[in-house]
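Q: quick one, structure for this:
(3 chains)
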Amino acid sequence: MYLRAQALAGLTLGEVAERAGISVPKDLKRNKGWIGLLLEHVLGASAGSRPEPDFPHLGIELKSLPINEQGKPLETTFVSVAPLTGLTGVNWKNCYVRKKLSRVLWVPVITNKDLPIACRKVGMPFLWSPSIEEENLLALDWQELTDMIVLGEVEKIQGKHGQVLQLRPKGANSQSKTQAFDRHGKPFMTLPRGFYLKIPFTQMLLHKHLRIN
DNA sequence: AGCTGATCATTG
DNA sequence: CAATGATCAGCT
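A: All right, here's what the predicted structure looks like:
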């Protein structure tokens, strides 16, 4: 599977889509997850929206990483939705973020905005598991953000919180609502949130990999 | 130019 | 509705 991913390196998305018999959209405005879904399809990941790794047997999560020609990620990377309730007994060791990030196949895609989708090229995929240092950074941020949620301060959380991990809205739109608890423990409805990896962190992963290989 | 809140499609 | 896949786009 990793080898199949490496075989995609250097191909354009147009070529990959053609292999898969999938047509390429003009833009991603109404197909924001298209590249990720294309890669899942050609690599044989299990489809669907089930909360499982993309490759359950291998415990590997597939993430496409939009980068520019200089190798800089262009977007933050969504990790998972953030539970706002039922957090008693949840800690870093058993949390969903850690599980999701335990083994990730990153597939960089050169996604300069001025390039048509079909002309954008797949970079060299790499398999990653957090080093001790990386995991410590993630754990620190996760704990800070989770503490705030537990304290009923979810609406005080800004994207700037966290060094490598941030909490931002993750919903259909600003009208989306999910349940949370306020500082007095009373339930109220608020925007669903998700954990995202900040750009400098994924940039570091990419560059570490490039140095090693 | 980067950040962060807002948004889109699809599925179970 | 909430989870999957993310990128858009206005504001600073």
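
Q: and the residue nearest to A:Leu191 when sequence neighbours are not counted, how many neighbours does it have?
A: Nearest residue to A:Leu191 in three dimensions, chain neighbours excluded: A:Pro169, at 4.8 Å (Cβ to Cβ, 6 or more residues apart in numbering). All C-beta atoms are positioned from the backbone trio N, CA, C, and that covers glycine. Per other Cβ atoms under 10 Å, the neighbour tally for A:Pro169 reads 13.

Q: for A:Leu196, helix, strand, or coil?
A: That one is not Leu; residue A:196 is Tyr. At A:Tyr196 the chain is in strand, as set by DSSP: H, G, I helix; E, B strand; the rest coil.

Q: cool, A:Asp114 as well?
A: What three-state DSSP gives for A:Asp114 is coil.

Q: how many neighbours does it have?
A: Per other Cβ under 10 Å, the neighbour tally for A:Asp114 reads 5.

Q: list the contacts of it.
A: Residues near A:Asp114 by Cβ atoms under 8 Å, 6 or more residues apart in numbering: none.

Q: separation between it and A:Val107?
A: Separation of A:Asp114 from A:Val107 (Cβ to Cβ, to the nearest Å): 21 Å.

Q: can you pull out the helices in chain A?
A: For chain A, the helices defined by DSSP state H occupy A:2-6, A:13-20, A:34-43, A:96-101, A:132-150, A:199-212.

Q: is the last one up against DNA strand B anywhere?
A: Which is helix A:199-212. Yes - Helix A:199-212 is in contact with DNA strand B by Cβ under 7 Å from any atom of the strand, via A:Ile199.

Q: appreciated, that's everything.
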